[in-house]
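> Here's my sequence, what's the structure:
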Amino acid sequence: MPSIFSRIVSGELPAYKVAEDDAHLAFLDITPLVEGHTLVIPKREVDYIFDLPAAELAALHLFAQRVAQGVRAAVPCKRVGVAVIGLEVPHAHIHLIPMNKVADLNFANPKIKVAEARMQELAAAISAAVPGAAGKTGQAGKPLESKAERETTEANKAPAPDAAMEQITNLTKDLLFVSESEAPLTPVAYAAPAGALTEAALLKLTGEAAGTPVESVELTHFLRNHTADDGVLGDPELANRYKALQMYLKQELTDTKVYRVGSSPQVTAYALGKTTGGQLVGFKTVLTET
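Numbering: from 1, shown residues only. As a prediction, this is how the structure comes out:
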């Protein structure tokens, strides 16, 4: 009887695929230890990993190396841990686990539940970050490209600000930013000015009064209390949504920053990054600080 992994390879069972070539497949573990927990397998069903011929074992690890680079680029972590257990499924596989501490690699830890939409976001982010190689194919059967190749390809495409806005709208839906009060995240888009985004240009684009104080803040720092599982939201699922938003803004846009406009007691914050089509997109919200 085929293993569950062989059934994924054949297409009989679905999976959140992140990378694939003629001999190997990588996909998200549906019962992960942490977000981004990825499994790497040979397509040929072999029960025990060290029964693989030396050339196939080496090829599997080289493929896993590329996938691990994608995982580390897409999921905030200090390292990508590697584990081979071999008792769960009779099909050789390697676990790639984003980790910030040794305990993240402990298989005695309870498995976490990740929403389907979040799994799709993670799979897409990891897949986009896996370095390419000649003859390799990605999740949709398209060649995997290097980051430079992807950026060149995207730069030659027609602008698609609507797609970016649609994604921002979906990611910010019903999210609230918590300061001394709560304020919604409102998607925004502006035509990027030629050259650098100066304070004066930002104020003009956003309709703020000339001369209003502007302070730029790094996005991760700005969202740190909202992306933490034990942060101000008090809800890991909401924190995961903020992580997904942060990931999109940092990876799919360039020069993303947060601009705090105005002064206490109310400050308007604009989180903006540039699309390949020359648009500034992101969200704005209001901070109450007394």
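> I'd like to know how many residues surround the closest residue to D174 other than its chain neighbours.
Sequence neighbours aside, P184 is the residue nearest to D174 in space, at 7.9 Å (criterion: C-beta to C-beta, 6 or more residues apart in numbering). All C-beta atoms are positioned from the backbone trio N, CA, C, and that covers glycine. Residues contacting P184 under the criterion other C-beta atoms under 10 Å number 14.
> What count of nearby residues applies to A26?
Number of residues near A26 (other C-beta under 10 Å) recorded here: 30.
> I'd guessed it sits against V9; true?
No: in this structure, A26 is not within contact of V9 by C-beta atoms under 8 Å, at 11.5 Å.
> what sits in contact with each of the two?
I41 (C-beta atoms under 8 Å, 6 or more residues apart in numbering).
> before we move on, the earlier item: check the gap between the residue nearest to D174 and A117 for me.
Applying C-beta to C-beta, to the nearest Å, the value for P184 to A117 is 20 Å.
> pLDDT at E149, what is it?
Per-residue pLDDT puts E149 at 43.
> Which strand residues bridge T254?
K274 (DSSP bridges).
> Which parts of the stretch 151-290 of the chain are strands?
Using DSSP state E, counting those that start in this stretch, the strands of the stretch 151-290 of the chain run over residues 176-178, 182-184, 186-191, 214-217, 254-261, 266-274, 279-288.
> how about the fourth one: buried residues?
Judged by neighbour count (16 or more other C-beta atoms under 10 Å), strand 214-217 contains these buried residues: V214.
> So which other helices or strands are in contact with it?
Using 3 or more C-beta pairs under 8 Å, 6 or more residues apart in numbering; DSSP states H and E, the elements in contact with strand 214-217 are helix 199-206, strand 254-261.
> List of residues touching the last one?
By that I understand strand 254-261. Contacts of strand 254-261 (C-beta under 8 Å, 6+ apart): 197, 202-203, 206, 208, 212-219, 222, 249-250, 267-274, 282, 287.
> returning to that earlier point: name all residues that make contact with the residue nearest to D174.
With contacts defined as C-beta under 8 Å, 6+ apart, P184 is in contact with 172, 174-177, 285.
> before we move on, the earlier item: which one of the helices and strands packed on strand 214-217 lies nearest to T31?
strand 254-261 (32.7 Å; C-beta to C-beta).
> In this structure L13 contacts R7, no?
Yes: contact criterion C-beta under 8 Å: L13 and R7 qualify, at 4.5 Å.
> Which one of these two is surrounded by more residues?
R7 (15 against 12).
> The more buried one and I85: what is the separation?
Here the distance between R7 and I85 works out to 20 Å (C-beta to C-beta).
> low pLDDT regions in the stretch 1-150 of the chain?
132-150 (pLDDT under 70).
> Which positions within stretch 3-17 qualify as buried?
Buried, per 16+ other C-beta under 10 Å, within stretch 3-17: 3, 5-6, 8-9, 15-17.
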